[in-house]
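Asks: no sequence for this one, just the structure:
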Ligand code: 5GP
């Protein structure tokens, strides 16, 4: 069964897409935690950060390229932003399809939230 994010890639579920290439898609998070909250997703179902393999390097490069272009387009590159990947239960991962959260648009404060 395909992941939620593959359903977005395949346009089976709507999303506010801000960037797309052959290997990567990026869209606004449905529950934003900052004024800018974009998810950058490879068009390959890599479940978690633990599952990345050497052959996935092109996807990773494309994801970092996407971050650079999206943050420039959204005019948050200069002030800065945060990129997060949650992994498994302690990381609070909910969707098991690798993704980067780009958070920005304001000063983000402490890196780890209080429990
Ligand atoms: P995780 O917790 O796995 O690192 O992050 C999953 C993210 O996906 C969450 O921030 C959540 O708000 C977002 N999300 C969950 N369902 C949807 C959806 O249907 N559409 C969009 N755009 N984001 C979603």
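Replies: Okay, I see it. Note that the structure is a prediction, hence the values are computed from the model and not measured. Numbers count the residues shown, from 1 in each chain.

Asks: and this protein, which residues reach the ligand?
Replies: Proximity of the chain to the ligand is confined to 4, 13, 15, 27, 29-31, 39, 86, 92-95 under the rule CB under 6 Å from any ligand atom. From N, CA and C alone the C-beta is placed, and that goes for glycine too.

Asks: could you redo the last one with a cut-off of 5 Å?
Replies: 15, 29-31, 86, 93-95 (CB under 5 Å from any ligand atom).

Asks: list the helices and strands the top strand by length along the chain packs on?
Replies: Longest strand in the chain, counting residues (DSSP state E): strand 36-42. Judged by 3 or more CB pairs under 8 Å, 6 or more residues apart in numbering; DSSP states H and E, the packing partners of strand 36-42 are helix 4-9, strand 17-20, strand 24-28, helix 57-73, strand 100-104.

Asks: ok, 10 Å please
Replies: Packing contacts for strand 36-42, counted by 3 or more CB pairs under 10 Å, 6 or more residues apart in numbering; DSSP states H and E, involve helix 4-9, strand 17-20, strand 24-28, helix 57-73, strand 81-84, strand 100-104.

Asks: now the angle from it to strand 24-28?
Replies: Between strand 36-42 and strand 24-28, the angle comes out at 160 degrees (axes from the mean of the first three to the mean of the last three CA atoms, to 10 degrees).
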